[in-house]
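Trainee: here is my input, please return the structure:
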Amino acid sequence: MTDSAADQKNITAIKALVFRGPNKLALARYLDGVSDADIVGMNITAVNPLVHEPDRDMKPIRHYYPWDAERVRKAMQASADHVLLKNQMEAGS
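Mentor: Below is the predicted model of the structure:
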């Protein structure tokens, strides 16, 4: 059994990049070309894995969370609540 040229091409192609954790914000900012001011409004959490689909030149086609919408919403809300609580605690000390 031999691999076709298309199969060989697919072996070397990157289909998706999945990021998780605190470095995800920096990687998303770099890959998507998002400014410092705009990245804050994206609400990218460390908890949710984030999938980036690049084209052949590694330019982003799209990015998404592989979880259902309700799970992503709850994780984002929990992250926002954590930041709010942290800011309130720091302001009180």
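
Trainee: just the pLDDT for the residue sitting nearest the centre point of the chain.
Mentor: The centroid of the chain falls nearest to Leu50 when counting by C-alpha atoms, centre = their mean (3.2 Å). Listed pLDDT for Leu50 reads 80.

Trainee: I'd like the distance between it and Gln88.
Mentor: Using C-beta to C-beta, to the nearest Å, Leu50 is found at 27 Å from Gln88. All C-beta atoms are positioned from the backbone trio N, CA, C, and that covers glycine.

Trainee: Leu25 too?
Mentor: In terms of C-beta to C-beta, Leu25 sits 22 Å off from Gln88.

Trainee: of those two, who's got more company?
Mentor: The neighbour comparison of Leu25 against Gln88 (other C-beta atoms under 10 Å) goes to Leu25, with 18 against 10.

Trainee: leaving out chain neighbours, which residue sits closest to that one?
Mentor: The shortest distance from Leu25 to any non-neighbouring residue, by C-beta to C-beta, 6 or more residues apart in numbering, is to Ile44 (5.3 Å).

Trainee: neighbours around the one you found, how many?
Mentor: Using other C-beta under 10 Å, the number of residues around Ile44 comes to 21.

Trainee: also Asp32?
Mentor: Asp32, neighbours per other C-beta under 10 Å, totals 14.

Trainee: start the count at 476 instead of 1 going forward.
Mentor: I'll keep to 476 as the first residue from here, and by that count the last item is Asp507.
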